[in-house]
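> Let's see this in three dimensions:
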Amino acid sequence: MGAARGVLQAALLLAAAAAAFLLVSPAAAAAVNSTSATLDNIQPLSTLNMAAARVAMDAGSAIRASPELLGTNVSITQPRAMQAYEISESHLFFFSPAAGRARIRPGSPSTSRRRRPPTATGSRSSPLPISSKLYKFANISPSFMSSGSGDTSFLLINQRYDYAFGLFSGGKDNPKLVAVSNKISFANPKAPVFPRLSQGKGWNEMAVTWTSGYNVDEAYPFVEWRMNGKENARARRSPADTLTFTRNHLCGKPANAEGYRDPGFIHTAFLKNLWPNREYSYQIGHELLDGTIVWGKSSTFRASPSPGQASLQRIVIFGDMGLGQSDGSNELAGFQPGAQVTTERLIKDLPNYDAVFHIGDLSYANGFLAQWDQFTAQISPVASRVPYMVASGNHERTSRDTGGFYSGGDDSHGECGVPAETYFRAPAAANRGKPWYAADHGMFRFCVGDTEHDWRPGTAQHAFLDGCFAAADRKHQPWLVFAAHRPLGYSSNEYYAREGSFSEPMGRTLQPLWQKHRVDLAVYGHVHNYERTCPVYENTCTAAPAAAGGGGNGSSPAAAYTGALGGTIHVVAGTGGARLRGYAGGEWPQWSAARSESYGYVKLTARDHSRLELEFIRSDDGEVLDAFSITRGYKDVLACAVDACDPHTLAN
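Numbering: from 1, shown residues only. Sure thing, here's the model as predicted:
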């Protein structure tokens, strides 16, 4: 949604029968072709015939944007919240050619180094180059249909460059650019924005990652932080590393062509030796070469409990979110209609959980890189307060002939993991390109896999997972969780049923590890619905709920498992926002215990070493749609089950 040195890189169409509103590039890259949208590859312009778009400026049409300068409520000397640096509201006033008015002449779109669209009535036959995404229909303004003029507003995020807007006529099939607005600028487009937390290399370390326009030869990035609630707590500063990427890092189109956008610079600082469960405040900043400091947003977080520590511990898990829009614009609304409502529910529920695991398919940028800035802005109210841990999904990593497990696909559309692995840190991972990792949170141990790389026996990932599971001290960390994007366990999705596997092909080669190490829970995304199994091994339920209690919020009864499970409970939660899917027809498999076609997320709650609760929470209203609990002692963890103990010897 910003301009690259005056060249706008995102689009915003406001279209009605006779007029349209579009954020355009005066000289962007190649035109985005109009293609039929598929379920897994919808970009905002996919329904617009941009190959037919023309410049046809009309003196009777105008569009004006205000204010022209955003983010003026700033300070470069005192550390305080800089929300104005991040997100601001812009009002747009537009006048349709149908109104026959010429109230305001079209203004210059920006001070582009390249050719601008003509500012007088005219046309051209070549396709209009567009690389933009956001749009609204003009009749969103109540007065438009009667008068041909009106106004609306958009939330603009600081993406380091200027904005301008365009008014189109001709509808989606034959769009014609008839007016271009004045430019809108942020007061400091390079300012640090969108801080996001993740657990560091150990439980007592927090990584803070953010984006800015400052390279290290311009300013030194750092985080200033202190413990709250302690008198005379000394403020400390931790330096940050700086990374970026270029077209040459990307693996194909559109990511390295019409979808490319300068990502700015991504910084990460590590706050070390944190006290368990203590609250800290922090603020991102850059010290300029003259010694002045540009401050970004301040926030707070609570450090993780130490491994094995008993306290109230709550973890949110989901996959497949994508981008939502709180201002009523229509970017990706067709494919990710639940993204904004899930984000808003997570913000409302912030006091009630301690960390998030977003297990793949994060932004669905699909090679249009401006969307990564927009996604980090969307989740920043959550990610700036609690660790936001991620896993790699097919829409982040899969790209032809790039060493992934699915070498024939191109679901990332040329990204091949580069933006996701740069914008988000998994510090516990040994290699950004192989992002499997362990994370300890009190009584939980999480082993996060990467289903875009081979997980079968003999591979590096298989060896890592074996070691990750084995390292859990089950006396003190009783709750062992495996998380990954694609369902390697059980799912009654139609595709998996048709394949006859009810899982990702070859997925269950990890079953011996789950059984050997008595993994309690495996959680996946990828399939856009919710499903929970019984404790299961080799397609057979190994335990039945002993009782049923209330599921909470008036929901259906919760299943209550007691004692040894004898198998792993598998949960599909690809319900973060992408279009929901159904299930295979016919009878439910006997291992499928609960289903829901609703947007939402899983929340795990551990209060002590003997009880774990899981809830599936609907995004719309916070209602608990499914729930179960496990109650057991350490003896139940040690109990032998099928293939869970070494064979007896003569010594036994």
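> now the helices for this structure?
83-86, 144-147, 339-348, 370-383, 394-397, 418-423, 460-470, 494-499, 511-516, 634-638 (DSSP state H).
> Residues contacting the last one, please?
By that I understand helix 634-638. Outside of helix 634-638, the residues within contact range by C-beta atoms under 8 Å, 6 or more residues apart in numbering are Arg474, Lys475, Pro478, Arg518, Gly563, Ala564, Leu565, His609. (Each C-beta comes from the backbone N, C-alpha and C, glycine too.)
> In terms of distance to Gly500, which of those residues ranks first?
Leu565 (26.2 Å; C-beta to C-beta).
> can you tell me how far the closest residue to the closest one other than its chain neighbours sits from Lys635?
Setting aside the residues directly before and after it, Leu565 is nearest to Pro535 in space (C-beta to C-beta, 6 or more residues apart in numbering), at 4.0 Å. To Lys635, Pro535 is 17 Å away according to C-beta to C-beta, to the nearest Å.
> got it, and Ala191?
According to C-beta to C-beta, Ala191 and Lys635 sit 56 Å apart.
> Ala544 too?
Counting by C-beta to C-beta, the gap from Ala544 to Lys635 is 20 Å.
> got it, and Leu625?
Leu625 sits 33 Å away from Lys635, going by C-beta to C-beta.
> Who has more neighbours out of those two?
Each of Leu625 and Lys635 has its neighbours counted (other C-beta atoms under 10 Å); Leu625 has more, 19 against 9.
> And for Arg236, the neighbour number?
Around Arg236 there are 16 other residues, counting by other C-beta under 10 Å.
> Touching, it and Phe222? I think so.
No - counting by C-beta atoms under 8 Å, Arg236 stays clear of Phe222, with 9.8 Å between them.
> follow-up on the earlier one: what residues are up against the residue nearest to Leu565?
Residues near Pro535 by C-beta under 8 Å, 6+ apart: Cys541, Thr542, Ala543, Tyr561, Leu565, Gly566, Gly567, Thr568, Ile569.
> what's across from the first one in the sheet?
If I follow you right, that is Cys541. Beta-bridge pairing for Cys541 (DSSP bridges): Val536.
> so where's the stretch 451-600 of the chain shaky on pLDDT?
Low-confidence segments of the stretch 451-600 of the chain (pLDDT under 70): 547-557.
> Quick one: the strands in it, in order.
Using DSSP state E, counting those that start in this stretch, the strands of the stretch 451-600 of the chain run over 479-484, 521-524, 530-533, 536-537, 540-541, 547-549, 558-562, 569-573, 592-596, 600-608.
> so how far is the second one from its chain's centroid?
Read that as strand 521-524. Remark: strand 521-524 is offset 19 Å from the chain centroid, using C-alpha atoms, centre = their mean, to the nearest Å.
> Tell me which strands that strand pairs with, and in which orientation.
For strand 521-524, the paired strands and their directions (DSSP bridges) read strand 479-484 (parallel), strand 569-573 (parallel).
> Could you list the residues in contact with it?
317, 319, 357, 359, 479-489, 491, 514, 568-574, 602, 604, 612, 614.
> Can you give me the domain assignment for the chain?
Per the TED database, the structural domains of the chain span 41-99+128-189, 311-547+555-638.
> With distance to Glu279 as added columns, please give these in CSV.
Formatted as CSV, these follow (distance: least, C-beta to C-beta, whole Å):
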stretch, distance to Glu279
domain 41-99+128-189, 17
domain 311-547+555-638, 11
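> how about these, which one is nearest Asp290?
That would be domain 41-99+128-189 among the domains of the chain, by C-beta to C-beta, at 10.5 Å.
> taking the mean pLDDT, what do you get for the closest one?
For domain 41-99+128-189, mean pLDDT rounds to 72.
> Can you list the residue ranges for strands in the stretch 251-400 of the chain?
With DSSP E, counting those that start in this stretch as the criterion, the stretch 251-400 of the chain has strands at 265-271, 279-288, 293-302, 313-318, 355-359, 388-391.
> What is the burial count for Asn174?
Neighbour count of Asn174, defined by other C-beta under 10 Å: 12.
> and it, what are its phi and psi?
Main-chain torsions, Asn174, degrees, to the nearest 10: phi -140, psi 60.
> Weed out the non-buried ones from the contacts of Pro535.
Using 16 or more other C-beta atoms under 10 Å as the burial test, the contacts of Pro535 include Thr542, Ala543, Tyr561, Leu565, Gly566, Gly567, Thr568, Ile569 as buried.
> Next, format those as CSV and append distance to His91.
Formatted as CSV, these follow (distance: C-beta to C-beta, whole Å):
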residue, distance to His91
Thr542, 60
Ala543, 59
Tyr561, 55
Leu565, 57
Gly566, 62
Gly567, 58
Thr568, 54
Ile569, 51
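> quick revisit: now list the buried members of the contacts of helix 634-638.
Arg474, Pro478, Arg518, Ala564, Leu565, His609.
> Tell me if I'm right that Ser363 and Leu323 touch.
Yes - counting by C-beta under 8 Å, Ser363 touches Leu323, with 5.9 Å between them.
> ok, the residue nearest to Arg486 when sequence neighbours are not counted to Asn394 distance?
The shortest distance from Arg486 to any non-neighbouring residue, by C-beta to C-beta, 6+ apart, is to Thr451 (3.9 Å). Computed as C-beta to C-beta, the Thr451 to Asn394 distance reads 8 Å.
> overlap in contacts of these two?
Here Thr451 and Asn394 share the contacting residues Gly360, His485, Arg486, His526, scored by C-beta under 8 Å, 6+ apart.
> closest to Cys447 among the residues you listed?
Lowest distance from Cys447 to the shared contacts of Thr451 and Asn394 (C-beta to C-beta) belongs to His485, with 13.8 Å.
> Excluding chain neighbours, what is closest to the closest one?
Gly360 (3.0 Å).
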